[in-house]
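Asks: Here's my sequence, what's the structure:
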Amino acid sequence: MKALIETIITVKVTFQAFLFANYRPQLERIFAELQSVLERRSLDTQYEVQNTIRHLQSSSDWLIKVYLGIETFSLTVYCVIPTGLTILKYATTGIVPPLIGIAEADFVLFDFTSSFWIWLPITLFTDLIIVLNIIMTVIQDSFYWCLLHHVSCLFKIIKMQIIRLDEFHEAQQFHEKLIEIVLMQGVAYRSLLQKCQRIKTALSALMLLLYGTCMCILCMTMMVIAIASGDTDLLSKMGVIVYFIFFQIFSYSMLGTELMTASSSIADAVYATHWYKRSIPEQRNLLFVLKRSQRMATLTAANLFGVSRATFTMTIRSAFSYFTVLWQFYGTSEHP
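Replies: This is a model prediction of the structure:
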């Protein structure tokens, strides 16, 4: 099961890298457009807007640093400690300790544990591959997280600008401010809802892969932990895998919830304005903003379900249900 889990993670990382490489030019253009709009908003004197932009910068830095720390810890437990202890034992005692591969799912076509000097380069090369995969995953996930967080913050700023519309009594000022809001709203919705499927296509496939593999890995990991409860090394590695998967889907779930909440709040903000005091053309323009904001921006998994905190709970519950069924079959086969 450990070998199968590692194979699933390898396939996931490879497919995620393929998606990122395929959609990278479009994603970078969208991200640059979002940053340009937010930079212009940073000149706004409104305290709430400035506070939102500062929160965007600090929270993005915090999320990346936490994720990088988690991955560093995972690499240490999974690769550095086992390899380092084996090399240290051989260097201090001169006796070759039991040689084992870092990953159970070895793709080496020969027995590299027959000699320490064959095992050493193979293991170091395997460690290097794992490190490169982790770095690639951190870069991709951090980019997606920052992208989604930027879109959510832009929706929040649009809501703040709509709330301020009642301060503009002259028709010309109101019209200019409303045009500015419509343009910002267009940038936010183009990022997720445009027909060319820019971010949506890349992220929806990634979310389906992520939540599907998470459910399988959690189920199998619980089986491994339940069966091999006395193997400390195996349990520590399985714990690292669960921690890694949990943090990934939890982060996407929280960002998906934030995105849904921020986009849907614009409609409430429009309705809360004194729209009934405006002229008919102005009411018609506000209605256009209202109708567009009723299309709630969601992060979906191949259009099958929306990614949110409820999805996170559903995934954990489903994984535990599958584990219960597998455990019953295992107990039946052990004690017929």
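
Asks: where's Ile102, which helix or strand?
Replies: Using DSSP states H and E, Ile102 sits within no helix or strand.

Asks: Who are the contact partners of it?
Replies: Applying C-beta atoms under 8 Å, 6 or more residues apart in numbering, one finds that Ile102 lies in contact with Tyr78, Cys79, Pro82, Thr83, Thr123, Thr126, Asp127, Ile130. The C-beta positions use only the backbone N, C-alpha and C, and glycine is treated the same way.

Asks: can I get these in CSV with secondary structure, pLDDT and neighbour count?
Replies: Converted to CSV, those look like this (DSSP: H, G, I helix; E, B strand; the rest coil; pLDDT from 0 to 100; neighbours: other C-beta atoms under 10 Å):
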residue, secondary structure, pLDDT, neighbour count
Tyr78, helix, 78, 21
Cys79, helix, 80, 22
Pro82, helix, 82, 18
Thr83, helix, 85, 17
Thr123, helix, 84, 23
Thr126, helix, 82, 19
Asp127, helix, 83, 18
Ile130, helix, 82, 19
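
Asks: how about stretch 224-231: buried residues?
Replies: The neighbour-count criterion (16 or more other C-beta atoms under 10 Å) identifies Val224, Ile225 as the buried residues of stretch 224-231.

Asks: Can you point out the buried residues in the helix or strand harbouring Leu210?
Replies: Under DSSP H and E, the secondary-structure element containing Leu210 is helix 198-227. Within helix 198-227, the residues scored as buried using 16+ other C-beta under 10 Å are 198-200, 202-211, 213-225.

Asks: Contact partners for Cys146?
Replies: So Cys146 contacts Phe31, Ser60, Ile64 (C-beta under 8 Å, 6+ apart).

Asks: got CSV for those residues, with distance to Ile280 and pLDDT too?
Replies: What follows is these, written out as CSV (distance: C-beta to C-beta, whole Å; pLDDT from 0 to 100):
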residue, distance to Ile280, pLDDT
Phe31, 39, 84
Ser60, 43, 84
Ile64, 49, 86
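
Asks: would you list those in JSON lines and tack on neighbour count and secondary structure?
Replies: As requested, the contacts of Cys146 are arranged in JSON lines below (neighbours: other C-beta atoms under 10 Å; DSSP: H, G, I helix; E, B strand; the rest coil):
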{"residue": "Phe31", "neighbour count": "17", "secondary structure": "helix"}
{"residue": "Ser60", "neighbour count": "16", "secondary structure": "helix"}
{"residue": "Ile64", "neighbour count": "17", "secondary structure": "helix"}
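
Asks: which among the residues you listed gets closest to Lys177?
Replies: Lowest distance from Lys177 to those (C-beta to C-beta) belongs to Phe31, with 25.9 Å.

Asks: Just give the nearest non-adjacent residue to that closest one, would you?
Replies: Excluding its sequence neighbours, the residue lying closest to Phe31 (C-beta to C-beta, 6 or more residues apart in numbering) is Leu147, at 5.5 Å.

Asks: Check what pLDDT that neighbour gets.
Replies: According to the prediction, Leu147 has pLDDT 86.

Asks: quick one: which helix or strand includes it?
Replies: Taking DSSP H and E as the criterion, the element that holds Leu147 is helix 116-163.

Asks: any idea how far that helix is from the chain center?
Replies: Taking the mean C-alpha point of helix 116-163 and that of its whole chain, the gap between them comes to 8 Å (C-alpha atoms, centre = their mean, to the nearest Å).

Asks: now that helix and helix 198-227, what's the angle there?
Replies: Angle of helix 116-163 versus helix 198-227, following axes from the mean of the first three to the mean of the last three C-alpha atoms, to 10 degrees, is 130 degrees.

Asks: Report the residue spans of the protein with pLDDT below the cut-off.
Replies: Filtered on pLDDT under 70, the chain yields the residue ranges 103-110, 191-200, 229-230, 330-336.

Asks: run the last query once more with 90
Replies: For the chain, residues meeting the criterion pLDDT under 90 lie at 1-256, 258-336.
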